[in-house]
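here is a sequence with its predicted model. Questions after.
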Amino acid sequence: MSEIVFVLGAGASVHAGVPVMANFLERSREIGRGLTDDPIKADFDRVRRAIHAIQRVHSKANLDVHNLEAVFTILESAWTIDKLPGFNSAEIPSAIHSFKKVITRTLDMTAAFQRSVKPGWVIAPNAITPKDLVVIPSSTYHSFANTIRQILETRPSQKTVSIISFNYDIGLDFALVYNGIVPNYNLPDNDVQDPSVALIKPHGSLNWGRIKTSSRIVALDPKVVIDQEPLQPTQSMPSPFRCLFGSKIVEHMNKHKNVEVEDVPVLVAPGIYKAEQHFALKSVWSAAARELSEAEDIIVIGFSLPTTDFFFNHLYALGTEGESVIRRFWVINPDGTGEVERRFSSILGAQAIPKFVYHVSTFENAIRGIRESYGLNP
């Protein structure tokens, strides 16, 4: 169990170019319009038709068709009740499958790592060749992972840190591995060697694949895959680098794990938890509850506690039922309207309220304060 639990939401990945939930679908539409011969265009078209179908009920119900999590949850609900305007029953699962493929491609096309000259190499800009280059994490995730590494080094006898991330992208995963920290996803049958940190992703991840012949989920080491991606020099270094990671999950799993997986990564809607679909993630959700039950410090970064995500409310309520005493409950979010602060205040109990501090800040600007609070050099 961990003394310090970080909880990351979509706002934590904004610095790397990942759209937040409210504008994710708009960014997806832009990407879809740029597709021509790519077979995935059919999936973008199917998703556009599904969203149009959801819009048809607006005269009788108020549904948010602009928010990724809301639409994902609505589609899962449509599957449950076997009804989506303009779609027959057999088409609804295909619409959800296409939606996951669209999410995957959008993340692959927006989430940026950095392309840089290999550490210690001094080369004239016009003499750089592909063999001189390496992919490194985005600057903020790199700084955060480095902070976690230093916390672990200053408290080597304790299992000090764990992370609960509600993000699908692998920016943090890559940064941890790059800094010598093995993410322990708490998936069944996935042994992890120390040094490791629990990286718990209750909604799934771009590097998780479900084996075709079973419900078992296998995780890829993001650095192993990215290190083998072809790199081309650009005019300036470091420069953004994007990888078709989740979009090529079948190819990557075949090459690096020698297993056949489904053609879309394991992605879970935030508001629907049907046991027959998500039983394989039970160990992940249980791990999240265990970590919260022992946490003394809970630091929430870039997570706005959306009304579509019932899971965190239940996870927090059930998970924090333990003997630990909350030392601090920080929420770091750029929203200064008071809305996000009110949402968190509404779920906190008598013990946590006095320890609750809301910081209006971006992730990158908050890292200095996090480091100082744990006695690390700024």
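Received, thanks. Numbering: from 1, shown residues only.

buried stuff in stretch 340-354?
Going by neighbour count (16 or more other C-beta atoms under 10 Å), the buried part of stretch 340-354 is 340, 341, 343, 344, 348, 352. In short, each C-beta sits where N, CA and C put it, glycine included.

now stretch 206-220
Within stretch 206-220, the residues scored as buried using 16+ other C-beta under 10 Å are 206, 207, 208, 209, 210, 211, 216, 217, 218, 219, 220.

for the residues you listed, which one is nearest residue 2?
Nearest to residue 2 out of the buried residues of stretch 206-220 is residue 219 (C-beta to C-beta; 19.8 Å).

surely that closest one is in contact with residue 185?
Yes. Contact criterion C-beta atoms under 8 Å: residue 219 and residue 185 qualify, at 5.3 Å.

find residues that contact each of these two.
Contact criterion C-beta atoms under 8 Å, 6 or more residues apart in numbering; residues shared by residue 219 and residue 185: 205, 208.

pLDDT below threshold where in the stretch 151-300 of the chain?
For the stretch 151-300 of the chain, applying pLDDT under 70 flags the ranges 156-159, 190-195, 271-279.

residue ranges of each domain in the protein, please.
4-17+111-373, 21-110 (automatic domain parsing).

hang on, the earlier thing: quick one: which of the buried residues of stretch 340-354 sit in helices?
Counting by DSSP state H, the part of the buried residues of stretch 340-354 found in helices is 340, 341, 343, 344.

now the helices for the stretch 51-200 of the chain?
Secondary structure of the stretch 51-200 of the chain by DSSP state H, counting those that start in this stretch: the helices cover 68-81, 92-110, 139-154, 171-178.

which among those is found nearest to residue 119?
Residue 119 lies closest, by C-beta to C-beta, to one member of the helices of the stretch 51-200 of the chain: helix 171-178, at 11.2 Å.

what stretches of the stretch 1-150 of the chain score poorly on pLDDT?
Scanning the stretch 1-150 of the chain for pLDDT under 70 picks out 1, 57-61, 63.

where exactly do the strands run in it?
4-8, 113-117, 133-136 (DSSP state E, counting those that start in this stretch).

do you know which of the ones you listed lies nearest residue 146?
Among the strands of the stretch 1-150 of the chain, strand 133-136 comes nearest to residue 146, with 11.7 Å by C-beta to C-beta.

alpha carbons of the closest one, as CSV, please.
What follows is strand 133-136, C-alpha atoms only, in CSV (Å, rounded to 0.1, in the frame of the first residue of the first chain):
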residue,chain,number,x,y,z
LEU,A,133,18.1,10.2,-32.5
VAL,A,134,16.1,8.9,-29.5
VAL,A,135,12.5,9.4,-28.3
ILE,A,136,12.2,11.0,-24.8
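
show me what that strand is packed against.
The contact analysis (3 or more C-beta pairs under 8 Å, 6 or more residues apart in numbering; DSSP states H and E) places strand 133-136 against strand 113-117.

redo that, cut-off 10 Å
strand 113-117, helix 171-178, helix 222-226, strand 239-241 (3 or more C-beta pairs under 10 Å, 6 or more residues apart in numbering; DSSP states H and E).

export those to a markdown table and tack on distance to residue 100?
Shown next, in a markdown table, are these (distance: least, C-beta to C-beta, whole Å):
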| stretch | distance to residue 100 |
| --- | --- |
| strand 113-117 | 22 |
| helix 171-178 | 19 |
| helix 222-226 | 19 |
| strand 239-241 | 24 |
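
picking that back up, do you know which of the strands of the stretch 1-150 of the chain lies nearest residue 16?
Among the strands of the stretch 1-150 of the chain, the nearest to residue 16 by C-beta to C-beta is strand 113-117 (7.7 Å).

strands paired with that closest one, and their directions?
Sheet pairing here is set by DSSP bridges, and for strand 113-117 it gives strand 133-136 (antiparallel), strand 239-241 (antiparallel).

one step back: going by distance to residue 95, which of the buried residues of stretch 340-354 wins?
Closest approach between the buried residues of stretch 340-354 and residue 95, by C-beta to C-beta: residue 343, at 30.1 Å.

contacting residues for the closest one?
304, 305, 306, 307, 313, 331, 333, 335 (C-beta atoms under 10 Å, 6 or more residues apart in numbering).

6 Å instead?
With contact set as C-beta atoms under 6 Å, 6 or more residues apart in numbering, residue 343 has these partners: residue 305.

can you offset everything so residue one is 50?
Okay, using 50 as the starting number, the last item reads as residue 392.

distance check, it against residue 257.
Distance, residue 392 to residue 257, using C-beta to C-beta, to the nearest Å: 28 Å.

can you check residue 334 too?
Noted for residue 334: a distance of 14 Å to residue 257, by C-beta to C-beta.

likewise residue 399?
Remark: distance between residue 399 and residue 257 (C-beta to C-beta) = 38 Å.

surely residue 196 and residue 421 touch.
No. Under the criterion of C-beta atoms under 6 Å, residue 196 is not in contact with residue 421, lying 10.6 Å apart.

how far away is residue 179 from residue 425?
From residue 179 across to residue 425, the span is 36 Å (C-beta to C-beta).

re earlier: tell me the one of the ones in helices among the buried residues of stretch 389-403 nearest residue 136?
When these are compared for distance to residue 136 (C-beta to C-beta), residue 392 wins out at 33.2 Å.
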